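Peer 1: A predicted structure for the sequence below; I have some questions about it.
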Amino acid sequence: MGKTVIEKIIQAHTQDEVSPGKIVWMDLDVRSARDFGGPNVVKNYEREYGRLPLADRTKTFFTFDLCAPACTLRYADNQQACRDFALKHGVEVFDVDRGIGTHVLMEEGLTRPGSTAVGTDSHMNILGAVGCFGQGMGDVDITFAFRTGRTWFEVPETVKVMLRGTYKKPTTAKDLTLFLLKELGTKKIALRAAEFYGPAVAGLSLAGRLTLLSMVTEMAGIIGFIPESSNAARKEIEKYMGAPFSPVAADEKTSYADVLEINVQGLSPQVAAPFSPTNVKPISELRATKIDSGFIGSCTNGRFEDFVDAARVLKGRKVKKGIMLKVVPATRRVYEELLSRGIIEDLFESGAIIVNPGCGGCAEGHVGLTGKGEVQISTGNRNFAGKQGKGETYLASPAVVAASCVLGYIASPEDI
Amino acid sequence: MGKTSHRGRIWVLQDRTRKLIEDIDTDQIFHNAFLYITEISEMGQHALGNLDGWKDFAAKARPGDILVAGRNFGAGSSRQQAVDCFISLKVCAILASSFSSIYFRNAVNSGLPVLRCGVLNELLSQRSLETGDEIEIDFLGGNGLNLSKNISFAVEPMSTVQWEIFREGNLFAFGRTFSRRS
């Protein structure tokens, strides 16, 4: 019997025989910890292993992206504890200047197709975008991985998701992602890996892949992969990564736990209403909902292309008086591209608040929380009750967030 | 450590219509405002602190209690605190229709018994399981027994790895025995 993508990647990292449901010991190419989870890893490590060495310091990293630079004393202490540990063990720190850890690891070429990576970020599976088996884990797992270089893992079943049809702007990868959240909910790929096929995903750029695969977490899935790429998409990814892009493909005769077909032909922009990322509706049903603030950024929509989409709407226009629009590039490299191409200027001129790279609005407090009664429209990935404060959060694409901030209510770019 | 069953009082995480709450995420279990906490003893006070109807859980829980939850319990973030806050309160097991994958691992690694049970909704609708009941769960045999109502039900037994980690206490202790063996 042939193997699925996840089974092939795991098989290349274990001596054990791989099949769905089996628990195997898996070697890890990258293990990382953030400014959240990281200090707990340091504490665990020193308590459990004392002065014993890491399995491999060159495969171990810290990435600071939650509260960057630290705006509370506790975060300042926690980040410094990680830096001290890193110095002692010779570990590289991608510090508060660098941006979202998963994106930085990818940009650094540390998460190649077919590799394995774990970290204290539940969106670590976003690395499926470059064909890497990324997995978020808690601080106990990561401590163990620092010391041993491996982890136990139950090989998940795989679901094949076939997407029929294509869509056009102003619909984007985020709208596709939200629509799939509605269709797949938190049950259909729960605790399983997903392989997405069809022209709508094969043609996705790197940014679009990051958007879709980041939110496999919100679908309760283990990880998603896009095994097939259009020529244009492959070339774009190779150019950006500066390396050949040949992700692991599933074997020809492979049986899947489930095969789902979803029609996305002519899809319109979609919005997730509070308080669940799966509470998704076409924008027509939510149009005219008044908003108070907007956020463009996060691991889901923090790439260059996302801000270009927003700037296309905002250029020559103003964010409506009384509305606050916060913009956070995913990484320093994205920020640099935005600066050199004049996109930052367009966003600034429109009235947006531009913040240094990091997790931004999704994480605790980095660019501000929502107050009681505040309605926020965000390109992030979660709108659970209370996550970003007491207000209500709607999830949408960068273009929809930009248009909504110009008009003061939920709107599509076509409404301007 | 390493006993094969646990007996305790249960808290059923249900809403006002008595249905099990599904998709309880880690921000409802342990809010991100407290992520800076690294001491387990300080975490218990925040357990379920952002879950409607359950914000006073920390004050009500007693050592040995068991939590009963709906499907996809622990969705969202990878924070270990969402497990450790229950350990802090000495909650001794969680029974749920299902768990998010990261949450499940975190609990296994911390030595907190987490067990899947496919019949919770039926038990609830028949009032065969209610907050305050005393139940006993057999971790390996796959049996649950509601001692207050004398009703037995099926529970998914622990996997070998889960049992071995629990028996040793946690992943670190297990790792020491593991490295001695290999």
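Peer 2: On my side now, so go ahead.

Peer 1: How about residues contacting stretch A:37-55?
Peer 2: Contact with stretch A:37-55 is made by A:33, A:60, A:62, A:64, A:77-79, A:81-82, A:85, A:89, A:91, A:119-121, A:138-140, A:142-143, A:145-150, B:38, B:78-80, B:172, as judged by Cβ atoms under 8 Å, 6 or more residues apart in numbering or on different chains. Quick note: C-beta positions are derived from backbone N, CA and C, even for glycine.

Peer 1: Which members of those are classed as buried?
Peer 2: Neighbour counting with 16 or more other Cβ atoms under 10 Å in any protein chain shown marks A:33, A:60, A:62, A:64, A:78-79, A:81-82, A:85, A:91, A:119-121, A:138-140, A:142-143, A:145-150, B:38, B:78-80, B:172 as buried within the contacts of stretch A:37-55.

Peer 1: Near chain B, which residues of the stretch 201-350 of chain A are found?
Peer 2: Applying Cβ under 8 Å from any Cβ of the partner chain, we find that the stretch 201-350 of chain A lies next to chain B at A:217, A:220, A:222, A:276.

Peer 1: could the residues you listed go into CSV alongside secondary structure and pLDDT?
Peer 2: Shown next, in CSV, are these (DSSP: H, G, I helix; E, B strand; the rest coil; pLDDT from 0 to 100):
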residue, secondary structure, pLDDT
A:Thr217, coil, 96
A:Ala220, coil, 94
A:Ile222, coil, 97
A:Ser276, coil, 95
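
Peer 1: Of the residues you listed, which is the most crowded?
Peer 2: The member of those surrounded by the most neighbours (other Cβ atoms under 10 Å in any protein chain shown) is A:Thr217, with 30 neighbours in all.

Peer 1: and that one, what does it touch?
Peer 2: A:122-123, A:125, A:136, A:381, B:76.

Peer 1: Among the residues you listed, which ones are in helices?
Peer 2: With helices taken from DSSP state H, there is no overlap with those.

Peer 1: and the residues you listed, which are buried?
Peer 2: A:122-123, A:125, A:136, A:381, B:76.

Peer 1: was I right about B:Thr26 contacting B:Asp84?
Peer 2: No. Counting by Cβ atoms under 8 Å, B:Thr26 sits too far from B:Asp84 to count as a contact (11.5 Å).

Peer 1: where exactly do the helices run in chain B?
Peer 2: Counting by DSSP H, the helices of chain B are B:26-29, B:57-60, B:81-88, B:101-109, B:120-125, B:160-168, B:171-181.

Peer 1: What distance do you get for B:Thr17 to A:Lys160?
Peer 2: 36 Å (Cβ to Cβ, to the nearest Å).

Peer 1: The two - which one has more neighbours?
Peer 2: Neighbours per residue, other Cβ under 10 Å: of B:Thr17 and A:Lys160, the larger number sits with A:Lys160, 19 against 5.

Peer 1: Alpha carbons only: can I get the one helix or strand that one maps to in CSV?
Peer 2: Here A:Lys160, judged by DSSP states H and E, is contained in strand A:158-164. Extracted in CSV, the C-alpha atoms of strand A:158-164 (Å, rounded to 0.1, in the frame of the first residue of the first chain):
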residue,chain,number,x,y,z
THR,A,158,-4.9,11.5,6.0
VAL,A,159,-7.9,13.1,4.4
LYS,A,160,-7.8,14.0,0.7
VAL,A,161,-9.6,17.3,0.0
MET,A,162,-10.3,17.9,-3.7
LEU,A,163,-11.3,21.5,-4.5
ARG,A,164,-13.3,22.0,-7.7
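
Peer 1: If we ignore the residues flanking it in sequence, what's nearest B:Thr177?
Peer 2: Leaving aside its chain neighbours, B:Thr177 sits nearest to B:Glu168 (5.8 Å; criterion: Cβ to Cβ, 6 or more residues apart in numbering or on different chains).

Peer 1: Same check on A:Ala249?
Peer 2: A:Pro227 is the one closest to A:Ala249 (Cβ to Cβ, 6+ apart), at 4.8 Å.
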